[in-house]
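Colleague: coords below, sequence missing:
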Ligand code: ADP
Ligand code: ASP
Ligand code: MG
């Protein structure tokens with residue numbers, strides 16, 4: 001069986017007309033003799049709307065009920081899509097995750113798929129059915145509905161491709177493919193024809209939400225080639241694949257950015273061994289992810305300043321945990337939510353000296369102050385003031401010739 005997995009994102013199924021368009025894309029693959037498994041997100045805006053409703057019900061809405069609530073968006077989109085295919089004369093039905101089942105483990109709101117039972121879907125494919133599977137959701141060993149974190153339908157699609165050994169997985173979205181930077185931030189972004197798993201993983205973890213980062217991780221682990229393309233135009237998109245398959249002469253592949261980081265600075269922290277661990281342990285125990293960190297060298301050997309970044313949604317909880325923490329002493333805590341992290345990503349930087357210098361130089365020419373820096377083998381991130389975000393992305397895009 002030549003199996004292909006097609007995933008449609010929220011905007012692609014955002015209106016009735018768009019659902020009709022998606023049904024036509026699906027049938028074009030049936031005509032090419034593929035067995036098609038479809039994974040769909042909720043219609044755009046629906047998941048956000050459900051979150052808003054839950055927040056109005058309670059400022060501490062139960063996480064298990066939140067997953068039941070959020071998973072409903074996908075059910076709507078899948079039934080509409082299956083209904084359209086049936087209208088066109090095809091054999092199709094919706095499959096909710098628990099009906100398959102798609103088994104998950106881990107926390108509610110951010111579960112991981114650990115198994116997909118193939119029996120029913122296989123049988124259905126053999127009978128020429130087109131299964132329309134709800135993305136983003138699963139069921140755990142307590143028979144409760146779970147969800148996979150925002151953007152989780154990408155991961156559903158990759159996992160379906162893995163378990164059904166699909167020949168191809170195509171992520172249909174609202175942009176032409178993976179672009180050199182978010183086209184909503186900088187409109188001169190260019191489509192990247194091919195990108196390695198490693199670079200895509202960095203880009204998505206650093207803010208390019210075109211693919212959920214855990215989906216890229218799964219694609220990499222399972223060596224699944226992924227196409228990302230637009231559902232609005234029939235043009236080739238971006239191939240995400242092994243580094244070995246890529247000939248690339250660019251030093252930098254993309255520029256990613258975030259708008260939802262916050263910077264916390266503790267001034268006058270008693271400088272003694274283990275102090276950073278005492279600050280960060282309660283945060284990690286409470287699932288707060290600390291990202292960039294700088295500790296200034298203490299000028300008097302007694303006190304130091306410590307700066308770190310977290311997601312802005314975690315600011316209130318972090319503030320509380322630090323105030324309650326008896327193991328640390330500090331003079332002032334400063335919180336700045338008007339920051340953005342801008343990163344350049346590319347395997348080319350491994351073999352090219354001077355990339356860091358060029359990044360810092362081009363930002364300084366635009367008078368953009370760098371607050372915190374962090375690097376890995378294939379990325380350099382800097383924290384800057386949010387008001388300079390577009391200017392910074394444009395400058396880096398130009399500096400590394402991404403417009404070409
Ligand atoms: P879907 O609903 O199809 O899953 P998403 O909204 O999750 O779509 O992801 C697509 C969006 O990701 C685009 O509209 C774009 O604004 C954003 N994006 C951020 N960075 C990039 C990038 N480097 N390339 C393409 N899109 C990006
Ligand atoms: N509907 C979910 C979300 O908005 C999952 C997805 O779109 O991938 O996050
Ligand atoms: Mg998405």
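Modeller: Done, it's in. Please read all numbers here as calculations on a predicted model, not as lab measurements. Ligands and ions are numbered 1, 2, ... in the order given.
Colleague: and the helices in the stretch 301-404 of the chain?
Modeller: With DSSP state H, counting those that start in this stretch as the criterion, the stretch 301-404 of the chain has helices at 315-324, 355-365, 389-399.
Colleague: now, of the ones you listed, which is deepest in the fold?
Modeller: Of these, the one with the most neighbours on average (mean count of other Cβ atoms under 10 Å) is helix 389-399, at a mean of 20. Quick note: C-beta positions are derived from backbone N, CA and C, even for glycine.
Colleague: what does the stretch 301-404 of the chain have sitting close to ligand 2?
Modeller: Residues of the stretch 301-404 of the chain that fall close to ligand 2, judged by Cβ under 6 Å from any ligand atom: none.
Colleague: which intervals of the stretch 301-404 of the chain have sub-threshold pLDDT?
Modeller: Judged against pLDDT under 70, the stretch 301-404 of the chain has no low-scoring part.
Colleague: what strands line up against the top strand by length along the chain, and which way round?
Modeller: Criterion DSSP state E: the longest strand present in the chain is strand 332-345. Strand 332-345 has the following sheet partners, assigned by DSSP bridges: strand 254-257 (antiparallel), strand 261-270 (antiparallel), strand 379-385 (antiparallel).
Colleague: follow-up on the earlier one: compare the helices of the stretch 301-404 of the chain and give me the one nearest residue 10.
Modeller: Residue 10 sits nearest to helix 389-399 of all these, at 24.0 Å, using Cβ to Cβ.
Colleague: circling back: the strands paired with strand 332-345: which one's closest to ligand 1?
Modeller: strand 254-257 (5.7 Å; Cβ to the nearest ligand atom).
Colleague: in a markdown table, list the helices of the stretch 301-404 of the chain along with distance to residue 185.
Modeller: Shown next, in a markdown table, are the helices of the stretch 301-404 of the chain (distance: least, Cβ to Cβ, whole Å):
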| stretch | distance to residue 185 |
| --- | --- |
| helix 315-324 | 23 |
| helix 355-365 | 16 |
| helix 389-399 | 5 |
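Colleague: of all those, which lies closest to ligand 3?
Modeller: Taking Cβ to the ion, helix 389-399 is the member of the helices of the stretch 301-404 of the chain nearest to ligand 3, at 20.4 Å.
Colleague: tell me which other helices or strands the closest one touches.
Modeller: strand 254-257, strand 332-345, helix 355-365 (3 or more Cβ pairs under 8 Å, 6 or more residues apart in numbering; DSSP states H and E).
Colleague: what's the angle from the longest strand of the chain to helix 355-365?
Modeller: Orientation check (axes from the mean of the first three to the mean of the last three Cα atoms, to 10 degrees): strand 332-345 against helix 355-365 gives 120 degrees.
Colleague: show me the beta-bridge partners of residue 385.
Modeller: residue 339.
Colleague: what's the burial count for it?
Modeller: Using other Cβ atoms under 10 Å, residue 385 has 16 other residues around it.
Colleague: wait, doesn't it sit right on residue 367?
Modeller: No: Residue 385 is not in contact with residue 367 according to Cβ atoms under 8 Å; the separation is 10.8 Å.
Colleague: centre of the chain to the helix or strand hosting residue 93, how far?
Modeller: Here residue 93, judged by DSSP states H and E, is contained in strand 92-95. Offset of strand 92-95 from its chain centre (Cα atoms, centre = their mean, to the nearest Å): 27 Å.
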